[in-house]
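# with the sequence up front, the predicted model follows.
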Amino acid sequence: MAALALPLSAQAAFAAPEPGTRPAAPTAAPGADPLAEAKATLGPLLDKLHELYRGVEAATEQYNGTAAKLAEQQSALADLRARLERQQKSVDAGTDVAAQLAAAQYRNGAASAYAELLLSKDPYEAVTIAELLAEASRSQSAFLDRLKADRLALTELQGRTESALKDSQALMAQQDTAKAGVAKELAGVEQLVASLTGAQRTELEKLEKVQADQAQLAFLASGALGQGERTPSAAGRAAVAYALAQLGKDYLWGGTGPDVFDCSGLTSQAWLHAGRPIPRTSQEQWAQLQHVPLNQMRPGDLVIYYEGATHVAMYIGGGLVVQAPRTGAQIKVSPIGAMPILGAVRPDPETASDDKGGAWKVPDLPAGWDSVTKIAPTPPAQLPVVPPSAGAPVTAPTATPVDPATGSPTGTPSGTPSGTPEGGTPTPGATPSGPATGTQTPTGTPSGTGTPSGTGTPSGTGTPSGTGTPAQTPSGTATTPATGEPTGTGSGSPSSPSSSTASTAARPASPSAGSSTPSRD
């Protein structure tokens, strides 16, 4: 390569001599430097490669930021769904109780209590009954008010959950877009690196190290780093120890360990293991953490590079940083001034230096720590795979909306519940209407003037309907459709329901036209 860069006069000296002439000794133009010419040829190529690497890191940090927001949003969505489920159960339980209250009122009416008041034997008894009636009325009213408030809260949670779901889906699409950006930037790097021969890569690595060393000397000579070594905090010691323990591990875009890291993945995980969570990306670390002057840095502080804060490393003292440099390379220790420094931030500014731990000394570094940074292709397994769609679908919560004005599920009359699924278990989100699919055992004693002549446990199916007495009657007894009374006579009384059926809360049917049944609200 150096020979190719020689001036034309030098190349002419290597040409075949003319016949009959004696070859002259090769000569070079005064002041010519073949190595400098080679550097002039490789320099622009290295600059182009650095530009491509910065593009990959910028795209990676954008992906990391989107992924962090998505994780936070999905956590919030999971919390909302759990709260929605609890609120749904609370509303269902309240609806069941309201249905039982409405059923009792439907069966017994309010006249019987007032009749007992009028037929009381003495004034004291009348006053006592009146107080009990007032207390019951107040309690029932308070319960129904609470049920209505629960339903309004349920509606609000449903809206917030649906909004959070849409936000999550939008972030998933943004994540896929960011991943496509990483893939595009990496493709440019891979194309250029693949076009280089092994000798060219070796020369570029050497040239890059020479430039880094020169930049470090200039930075130290400027005095920007200050004099002396400052003592880190206890957490800073732990963060540096964690970061140095990762030396030699591969860089991977989006990596947060334990085997692969990107630049901000290394710094954020180091401080997380030190007990201090910090933002995930280099941009957020620069934006949210406290800035410190370079001459006040202590080990554990983070050094932010480039104008867009697209790269970050951890200061370990002695003018050195530990970093995950770029794709195709491994975590290593580098000179702090090798790249353009934007500034420094401190994750624990309120924590004093750990003087009890002793004065800080740069840890012993492994042999070859100051070697070149590899320029190598990204392993195929580490290349991003862009999904064809905007992420997997997220299922929306299945809950029936509630009318805020009435407190009733939309699409369901606001009167007495008209049915219960088999087994008496309410359906979340709404009060079911229509005939029941299973067999239900009514609660209470069927009213009527006749005495049933049959025996056994009431086992009617369906739900009460009409304006009269619920249609269920003990098995073996016929009823008159108009009055709901048993057609036969007998000397017995209905047997009590068994314990297994008595615990099932039956909901009365919606009354037919002309009946007056109070609303559950």
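That came through, no problem.
# next, count neighbours for Gln227.
When neighbours are defined as other Cβ atoms under 10 Å, Gln227 has 6 of them. Backbone N, C-alpha and C define where each C-beta goes, glycine included.
# how much space between it and Gln200?
Per Cβ to Cβ, to the nearest Å, Gln227 is found 41 Å from Gln200.
# before we move on, what about Leu247?
27 Å.
# what do you get for Pro379?
From Pro379 to Gln200 the distance is 20 Å (Cβ to Cβ).
# same check on Leu289?
For Leu289, the distance to Gln200 (Cβ to Cβ) stands at 40 Å.
# again, but for Arg346
Between Arg346 and Gln200 the distance is 41 Å, computed by Cβ to Cβ.
# so these two - more neighbours on which side?
More crowded of Arg346 and Gln200, by other Cβ under 10 Å: Arg346, with 20 against 15.
# verify the contact between the more buried one and Trp286 for me.
No. Between Arg346 and Trp286 there is no contact, the gap being 11.8 Å when judged by Cβ atoms under 8 Å.
# show me where the chain has helices.
8-13, 34-108, 111-118, 123-195, 198-222, 234-244, 263-273, 282-288, 499-502 (DSSP state H).
# okay if I get those helices as a markdown table plus distance to Thr310 and mean pLDDT?
As requested, those are arranged in a markdown table below (distance: least, Cβ to Cβ, whole Å; pLDDT from 0 to 100):
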| stretch | distance to Thr310 | mean pLDDT |
| --- | --- | --- |
| helix 8-13 | 43 | 36 |
| helix 34-108 | 5 | 84 |
| helix 111-118 | 78 | 53 |
| helix 123-195 | 11 | 82 |
| helix 198-222 | 18 | 94 |
| helix 234-244 | 19 | 97 |
| helix 263-273 | 8 | 98 |
| helix 282-288 | 6 | 97 |
| helix 499-502 | 69 | 38 |
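# let me know which of those is the nearest to Ile341.
Of all the helices of the chain, helix 198-222 sits nearest to Ile341, with 7.7 Å by Cβ to Cβ.
# if we can go back for a sec, buried deepest among the helices of the chain, which one?
Ranked by average neighbour count under the criterion mean count of other Cβ atoms under 10 Å, these are headed by helix 263-273 at a mean of 25.
# alpha carbons only: can I get that helix in PDB?
Only the C-alpha atoms of helix 263-273 are listed here, as PDB (Å, rounded to 0.1, in the frame of the first residue of the first chain):
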ATOM      1  CA  CYS A 263     -22.500   1.200  25.700                       C
ATOM      2  CA  SER A 264     -25.400   2.400  27.900                       C
ATOM      3  CA  GLY A 265     -26.400  -1.100  28.700                       C
ATOM      4  CA  LEU A 266     -23.000  -1.500  30.400                       C
ATOM      5  CA  THR A 267     -23.200   1.700  32.400                       C
ATOM      6  CA  SER A 268     -26.900   1.300  33.400                       C
ATOM      7  CA  GLN A 269     -26.400  -2.300  34.600                       C
ATOM      8  CA  ALA A 270     -23.200  -1.400  36.500                       C
ATOM      9  CA  TRP A 271     -25.000   1.200  38.500                       C
ATOM     10  CA  LEU A 272     -28.100  -1.000  38.900                       C
ATOM     11  CA  HIS A 273     -25.900  -3.700  40.400                       C
END
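# next, the angle helix 234-244 makes with that helix.
Orientation check (axes from the mean of the first three to the mean of the last three Cα atoms, to 10 degrees): helix 263-273 against helix 234-244 gives 130 degrees.
# contact partners of helix 263-273?
Helix 263-273 is contacted from outside by 57, 61, 64, 235, 238-240, 242-243, 246, 251, 254-257, 261, 277-282, 285, 300, 302, 311-314, 322-325, 331, 347, using Cβ atoms under 8 Å, 6 or more residues apart in numbering.
# which phi and psi values does the residue lying closest to Glu61 once chain neighbours are set aside adopt?
The shortest distance from Glu61 to any non-neighbouring residue, by Cβ to Cβ, 6 or more residues apart in numbering, is to Thr281 (4.7 Å). Main-chain torsions, Thr281, degrees, to the nearest 10: phi -100, psi 160.
# show me the contacts for Thr281.
Residues in contact with Thr281 (Cβ under 8 Å, 6+ apart) are Glu61, Asn64, Gly65, Ala68, Ser264.
# need those in JSON lines with distance to Leu165, can you?
Listed next are the contacts of Thr281 as JSON lines, based on distance: Cβ to Cβ, whole Å:
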{"residue": "Glu61", "distance to Leu165": "27"}
{"residue": "Asn64", "distance to Leu165": "23"}
{"residue": "Gly65", "distance to Leu165": "21"}
{"residue": "Ala68", "distance to Leu165": "19"}
{"residue": "Ser264", "distance to Leu165": "28"}
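# quick one: which of those is nearest Leu204?
Glu61 (24.6 Å).
# of the contacts of Thr281, which is the nearest to Ala173?
For the contacts of Thr281, the nearest to Ala173 is Gly65 (14.7 Å; Cβ to Cβ).
# Leu157 contacts Ser90, doesn't it?
No. Counting by Cβ under 8 Å, Leu157 stays clear of Ser90, with 10.9 Å between them.
# give me the contacts around stretch 213-220.
By Cβ under 8 Å, 6+ apart, stretch 213-220 touches Leu225, Gly319, Pro335, Ile336, Gly337, Ala338, Met339, Ile341.
# chain neighbours aside, what residue packs nearest to the third one?
Which is Pro335. Per Cβ to Cβ, 6+ apart, closest to Pro335 is Gln216, 3.6 Å.
# and the gap between the one you found and Asp364?
With Cβ to Cβ as the criterion, Gln216 and Asp364 are 20 Å apart.
# what do you get for Ala142?
Distance from Ala142 to Asp364, by Cβ to Cβ: 73 Å.
# next: Thr161.
54 Å.
# equivalent analysis for Asp213, please.
Going from Asp213 to Asp364 by Cβ to Cβ gives 21 Å.
# what does Leu192 give?
37 Å.
# thought Ala78 was touching Leu165, still the case?
No. Using Cβ under 8 Å, Leu165 makes no contact with Ala78, being 11.0 Å away.
# what about Trp369, how many neighbours?
If you count neighbours by other Cβ under 10 Å, Trp369 ends up with 15.
# and Pro495, what pLDDT?
Check again: residue 495 is Ser, not Pro. The per-residue pLDDT reported for Ser495 equals 41.
# then Ile341?
pLDDT at Ile341 comes out at 97.
# so what's it up against?
Applying Cβ under 8 Å, 6+ apart to Ile341 gives the contacts Phe219, Leu294, Val303, Ile304, Tyr305.
# which strand residues bridge it?
Tyr305 (DSSP bridges).
# how near is it to Ala103?
Counting by Cβ to Cβ - Ile341 and Ala103 are separated by 76 Å.
# how about the nearest residue to Gly319, chain neighbours excluded?
Closest to Gly319 by Cβ to Cβ, 6+ apart is Ile336, at 5.3 Å.
# to clarify, my last question referred to Val182.
Nearest one to Val182, counting by Cβ to Cβ, 6+ apart, is Ala59 at 4.5 Å.
# alright, I will stop here.
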